[in-house]
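Enquirer: What follows is a protein structure lacking sequence information:
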């Protein structure tokens, strides 16, 4: 049975290349072979912790989101061929919940995520990938990080 994917989501952590280095080429290949839209997603922290938020300027969450979007657009320009339709998306808050929310919002039929070796402590991958796999309403492709050797 051949699956036809129309909307592919790939979560990336802008601060950890290992969150996308192995998975992004596979997501690009899937997008190209299916003529799909590639939704490149990042999740930024929010500043709603009361003890911290009181000391931050108004509009800080919007500023964090905008910075995340600009960084995401730079990554896309450097790594994704122009022939692919790309939709950059920024979530804010719980990583796996935002990935799932954004995937649902674009009617994703595939999420491509990086796995990792146990010694890595990346922000995006690991426990969040496990949560996404368990709770996603669509297929999830987990790409094991390729070794440098």
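Expert: Arrived safely. Quick caveat, the model's predicted, so the values are computed rather than measured.
Enquirer: quick one: the strands in this protein?
Expert: 7-11, 37-44, 86-92, 110-114, 139-143 (DSSP state E).
Enquirer: Counting by contacts, list what the last one packs against.
Expert: Strand 139-143 makes packing contacts with helix 23-34, strand 110-114, helix 127-135 when contacts are defined by 3 or more CB pairs under 8 Å, 6 or more residues apart in numbering; DSSP states H and E. (C-beta placed from N, C-alpha, C; glycine too.)
Enquirer: which stretch among the ones you listed comes nearest residue 65?
Expert: Closest to residue 65 of those is helix 127-135 (CB to CB; 18.9 Å).
Enquirer: could you give the angle of that closest one to strand 139-143?
Expert: Counting by axes from the mean of the first three to the mean of the last three CA atoms, to 10 degrees, helix 127-135 lies at 150 degrees to strand 139-143.
Enquirer: which sections of the protein are below the confidence cut-off?
Expert: The model of the chain has pLDDT under 70 over residues 1-2, 47-59, 116-126, 145-149.
Enquirer: Could you pull out the buried residues of the helix of greatest length in it?
Expert: Assignment by DSSP state H gives helix 60-79 as the longest helix of the chain. Judged by neighbour count (16 or more other CB atoms under 10 Å), helix 60-79 contains these buried residues: 61, 64, 65, 68, 71, 72, 75, 76.
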